[in-house]
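Trainee: A structural model of the following input is requested.
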Amino acid sequence: MNSLQTLLLVAAAAAPQAAALSTAAPTKDRPLLRQFGKSINERVVSSKSGHNSFGLGDHYTSAETIPCLDMQTDGSGGCSGNSRPASSFDVSTRRDVREAYQANDNTQQGTQAAVDGVHGRSSGSGCCIIRLQGEDAASVRGLVDFADNFFDGVDGDGNDAASNIAARSLKDLGVFRIANNVHAGFDHNVNEEDKMQVLYTKLIPGQTNDEDPLLLPLEVGELVGAQSLSRAHSGMGTLFDIGSQITSAVLGMESESTNKLLDDCSRLTETTNHAMTPENHEKIADTMSNSYQRIIRYLKPKPASSSSNEGAEDDAAFWPHVDSTFLTLIPMPEIAGLEVWCPSSRYAESDDLAERGEWVRPIKPSVDDTNTGDAGETTNDDDYIHVVALAGEFLQLLSDGQVPTCIHRVIAPQPPSLPAFGVAPTKYKPRVSAPLFLRPRRGAGAVLEVESDLRDSDATGLYFEEGLLDECDGNASVELHGLHEPG
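Mentor: Residues are numbered from 1 along each chain as shown. Predicted coordinates for the structure are as follows:
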């Protein structure tokens, strides 16, 4: 499909779809789901009043509050049992994964300290760092390189006419809608705030699971080239596999339930390939994965007006928020900027905002904390790649409150200070991030059956709401987001 076909598709997709919406059956009132959304929003608002204590004594550290898990792809979307598969390093078990994400519910108020869990002094942020090795690490590096290649091409650094034409086409197209809530394209200045540029992609699964998905906009492939695009798909495949394993372990789901509910960009049934023509835009949208990849570049921020926490909030490229996902998986960029909210296990409701918790910047574990593999082997940081895996709203919902959805924000790095006289200035390097959003599967078959799909556990989580899962039972998982949106 060339740019003209894309524009025709955009024009058709922009047509009103009120008739289809008007025939939808009325939604049954589910008050606990509505309260679920409101309670998350209240936690997000509360986090905005929190502080970071980077560099100060006794501050929450990444090593203390954010667990690190060693994982590898297994090709099946889930681990089997708690046994450790053969590997050159110890792979975290399902129990390890589950405990790393569960909030510590042994919280107390007052002078008596709560017992520290795997999150140290925090009750748990919903964030873990995943450490990958070997082919898995190499594949994710290919995704990171793809992100860099994309922005090099957008900046006009391409060496051939085809990539330059593709870059111009992407800029001309902007972000286009394919159907309701389905869009793709490149926004070179999000909200005209001069803070970030975002490539929104959509994926159409291949006819077989061995076939790479089709990535929209198609101009992206023309811009970066076939080899870079293929490596990106390999990296996405690794993240889909790891995300499926985490979801399965945390929720205690068998592979059949995981495949049914979680969209890992695979096909469960045969579907027809539709021609890229305007009249097929709704059919094309129906075949797209509900999970997606984004590529983000954070632009050089304006000089900070204040060193206070309020100044950091004003300068945030992304303000505190949560994701409507099972998981968001982000290869750790070279340049820091992501911060996660770590609520205190002792003073979460304190009137003193400084005691309620802290913002923590996930930091790559040092080589000293890394498994050394079999006897006689040595490893270093270059042998690994690290991925930040943030729990989304669906993981908190379906874990019955045992896993907190991760509240996070992004602070773009400040420009380097002016150098001394006679010293060449340091060129500003923007932060590039490539998050993959792992969301529920769409379709009539993706219905949550609580009794058969989820782990039977008598334990109640820190954010447990009695009766909440009963309201979810029998619903298509993708619809639960709309049901719990606060009004």
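
Trainee: and Phe150, which of the three is it?
Mentor: Secondary structure, DSSP: H, G, I helix; E, B strand; the rest coil: Phe150 is helix.

Trainee: Return the residues in contact with it.
Mentor: Applying Cβ atoms under 8 Å, 6 or more residues apart in numbering to Phe150 gives the contacts Leu199, Val220, Leu223, Val224, Ile295. For the C-beta atoms, the positions are set from N, CA and C on the backbone; glycine is no exception.

Trainee: Just these: which are in helices?
Mentor: Val220, Leu223, Val224 (DSSP state H).

Trainee: Using TSV, lay out those residues together with pLDDT and neighbour count.
Mentor: As requested, those are exported to TSV (pLDDT from 0 to 100; neighbours: other Cβ atoms under 10 Å):
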residue	pLDDT	neighbour count
Val220	95	26
Leu223	93	28
Val224	94	25
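
Trainee: Tabulate these in CSV, adding columns for distance to Asp263.
Mentor: CSV is the format used below for these (distance: Cβ to Cβ, whole Å):
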residue, distance to Asp263
Val220, 20
Leu223, 26
Val224, 24
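
Trainee: Kindly indicate which of these lies nearest Gly357.
Mentor: Nearest to Gly357 among those: Val220, at 38.9 Å, using Cβ to Cβ.

Trainee: Which one of the ones in helices among the contacts of Phe150 is nearest to Val410?
Mentor: Distance to Val410 across these (Cβ to Cβ) is lowest for Val220, with 22.5 Å.

Trainee: tell me the SS of the most centrally placed residue in the chain?
Mentor: By Cα atoms, centre = their mean, the chain has its centre lying nearest to Thr328, at 1.6 Å. The three-state label given to Thr328 by three-state DSSP is strand.

Trainee: That one reaches Val387, doesn't it?
Mentor: No: the criterion here is Cβ atoms under 8 Å, and Thr328 misses it with Val387 at 10.2 Å.

Trainee: hmm, back to that, any chance of the contacts of Phe150 in CSV, plus distance to Tyr428?
Mentor: Converted to CSV, the contacts of Phe150 look like this (distance: Cβ to Cβ, whole Å):
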residue, distance to Tyr428
Leu199, 21
Val220, 25
Leu223, 24
Val224, 23
Ile295, 19
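
Trainee: just checking, Leu268 touches Asn259?
Mentor: Yes: here Leu268 reaches Asn259: they are 6.7 Å apart, a contact under Cβ under 8 Å.

Trainee: check contacts around the residue nearest to the centre of the chain.
Mentor: By Cβ under 8 Å, 6+ apart, the residues touching Thr328 are Ala389, Leu390, Gly392, Cys406, Pro435, Leu436, Phe437, Leu438.

Trainee: mind running it again at 6 Å?
Mentor: Going by Cβ atoms under 6 Å, 6 or more residues apart in numbering, Thr328 touches Leu390, Pro435, Phe437.

Trainee: again with Lys195
Mentor: So Lys195 contacts Leu299, Ala317 (Cβ under 6 Å, 6+ apart).

Trainee: if you count what's nearby, which of Leu268 and Asn259 comes out ahead?
Mentor: Asn259 (20 against 14; other Cβ atoms under 10 Å).

Trainee: how much space between that one and Asp241?
Mentor: 12 Å (Cβ to Cβ, to the nearest Å).

Trainee: And for Thr208?
Mentor: 16 Å.

Trainee: between these two, who's got more neighbours?
Mentor: Asp241 (21 against 9).

Trainee: secondary structure class for that one?
Mentor: Taking three-state DSSP, the label given to Asp241 is helix.

Trainee: next one: Leu268
Mentor: Following three-state DSSP, Leu268 is assigned to coil.

Trainee: coming back round to it: next one, pLDDT for the residue nearest to the centre of the chain please.
Mentor: What the model reports for Thr328 is a pLDDT of 98.

Trainee: show me the contacts for the closest residue in space to it that isn't next to it in sequence.
Mentor: Among residues not flanking Thr328 along the chain, Leu390 sits closest, at 4.4 Å (Cβ to Cβ, 6 or more residues apart in numbering). Shown in contact with Leu390 (Cβ under 6 Å, 6+ apart): Cys127, Thr328, Cys406.

Trainee: one more time with 8 Å
Mentor: Gly126, Cys127, Asp323, Leu327, Thr328, Leu329, Ile330, Val340, Cys406, His408 are the contacts of Leu390 under Cβ under 8 Å, 6+ apart.
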